[in-house]
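Undergrad: starting from these lines, generate the structure:
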Amino acid sequence: MSELQESLTVPVQGTQSKPLRVLASIASYVFHPVFMPTVMAVVIFMLAHDTLFPSVPSKSYHMWVVIIALNTILFPLLTVALLKGLGFIKSIHMTEPRDRIIPLIGCMIFYFWANFVIGNPVSGAPIILHTLTLGSFWGIIAVFMVSIFYKVSMHTAAAGGMIGILLVLMFTSPINMVMPFFVAVAIAGIIGTARMLLGVHRIWEVWIGYSIGIAVQVAAYLYLR
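TA: Numbering: from 1, shown residues only. As a prediction, this is how the structure comes out:
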C-alpha cells in the first residue's frame with residue numbers, strides 16, 4: 001500500500017536525456033490541448049461525413065470548424081498572451097495551478113460560445129459535433145474545478161476527450177472505428193509519456209486528465225441523446 005501511495009504522490013522525475021526531452025517537448029506542442037477540439041472536428045468530418053451526415057454541405061461543416069477554431073484556439077491563445085503581458089500569470093506554460101485559474105475562466109466563456117453556436121438548432125450541426133463542443137466545455141469546467149486544488153494534466157484531459165469522442169463514434173457509427181481508436185490511444189499514450197518525461201506532472205495527474213476527458217465526452221453524448 002505504501003508503494004502505491006508513493007507512486008501516486010511523488011512527482012515523476014523528468015528524463016535527463018536531452019534528445020528525449022526535445023522529443024517530449026515537440027509532442028507537447030504538437031498535441032497541445034488548445035488544438036484538440038478543432039483537430040477532432042476535422043477528423044469527425046473526414047471519418048464520418050459520408051455516413052452520418054451526407055446531406056450536410058462541406059461549406060457548412062467548414063464554417064463550423066472555423067467557429068470552433070476561433071473559440072478554442074485563437075481566442076484562448078490571445079487571452080493567455082494578454083494575461084502574461086499584463087503580469088497576471090508567470091508563464092504561458094501555466095506550470096503553477098493558480099496561473100490556470102484566470103485563463104481557464106476565459107476559456108470557459110469561449111468554449112461556451114462555441115457550444116452555444118454549434119448546438120443551436122438553427123445551425124443544423126450534427127449531434128456528434130455538438131457532443132464534441134459540449135464535452136469540451138464540460139471538460140474545461142472539470143479541469144478548472146480540479147485545478148483549484150490540484151494540478152491536473154490539461155494535455156491528457158484533451159487526449160482523453162479525443163478517446164472519448166471516438167468511443168462515441170465507435171458505438172454509434174456504422175463505420176469501423178477500431179483503427180482510428182487505437183491510433184488515438186497511441187497518441188494519448190505519447191502525450192502522457194511526454195508529460196512525464198518532462199517531469200511536469202505526477203502519475204495520478206496524468207491519469208485524472210485521461211479520466212476527465214473520456215468521461216465528459218461520453219456524458220455529453222448521453223445527455224444530448
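Undergrad: what sits closest to residue 211 if chain neighbours are left out?
TA: residue 160 (6.5 Å; CB to CB, 6 or more residues apart in numbering). Glycine gets a C-beta too; all of them are placed from N, C-alpha and C.
Undergrad: I'd say that neighbour and residue 218 touch.
TA: No: between residue 160 and residue 218 there is no contact under CB atoms under 8 Å: 10.2 Å.
Undergrad: among these two, which residue is more densely surrounded?
TA: Counting neighbours by other CB atoms under 10 Å for residue 160 and for residue 218 shows that residue 160 has the greater number, 30 against 18.
Undergrad: and stretch 176-188, average pLDDT?
TA: On average, the pLDDT along stretch 176-188 is 94.
Undergrad: do you know how far the residue nearest to residue 211 is from residue 51?
TA: As defined by CB to CB, to the nearest Å, residue 160 lies at a distance of 25 Å from residue 51.
Undergrad: for the residue positioned nearest the centre of the chain, give me its contacts.
TA: Nearest to the mean C-alpha position of the chain, by CA atoms, centre = their mean, lies residue 158 at 2.0 Å. Residue 158 sits next to 31, 32, 33, 36, 139, 191, 209, 213 when contact means CB atoms under 8 Å, 6 or more residues apart in numbering.
Undergrad: buried subset of those, written for ChimeraX?
TA: With 16 or more other CB atoms under 10 Å as the criterion, this ChimeraX line picks the buried residues out of these:
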select :31,33,36,139,191,209,213
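Undergrad: in TSV: the contacts of residue 158, plus secondary structure and distance to residue 223.
TA: Output for those, formatted as TSV (DSSP: H, G, I helix; E, B strand; the rest coil; distance: CB to CB, whole Å):
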residue	secondary structure	distance to residue 223
31	coil	27
32	coil	27
33	helix	22
36	helix	20
139	helix	14
191	helix	26
209	helix	21
213	helix	16
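Undergrad: tell me the one of the contacts of residue 158 nearest residue 85?
TA: The closest of those to residue 85 turns out to be residue 32 (CB to CB; 19.8 Å).
Undergrad: so how far is the helix or strand hosting the residue nearest to residue 211 off the chain centroid?
TA: Taking DSSP states H and E as the criterion, residue 160 maps to helix 154-172. Relative to its chain's centre, helix 154-172 lies at 8 Å (CA atoms, centre = their mean, to the nearest Å).
Undergrad: tell me the contacts of the spatially closest residue to residue 115 that is not a sequence neighbour?
TA: Leaving aside its chain neighbours, residue 115 sits nearest to residue 133 (4.0 Å; criterion: CB to CB, 6+ apart). With contacts defined as CB under 8 Å, 6+ apart, the neighbours of residue 133 are 37, 68, 111, 114, 115, 118, 119.
Undergrad: in this structure, which spans are helices?
TA: For the chain, applying DSSP state H gives helices covering 2-9, 18-30, 36-52, 58-69, 75-86, 101-119, 127-147, 154-172, 178-197, 203-224.
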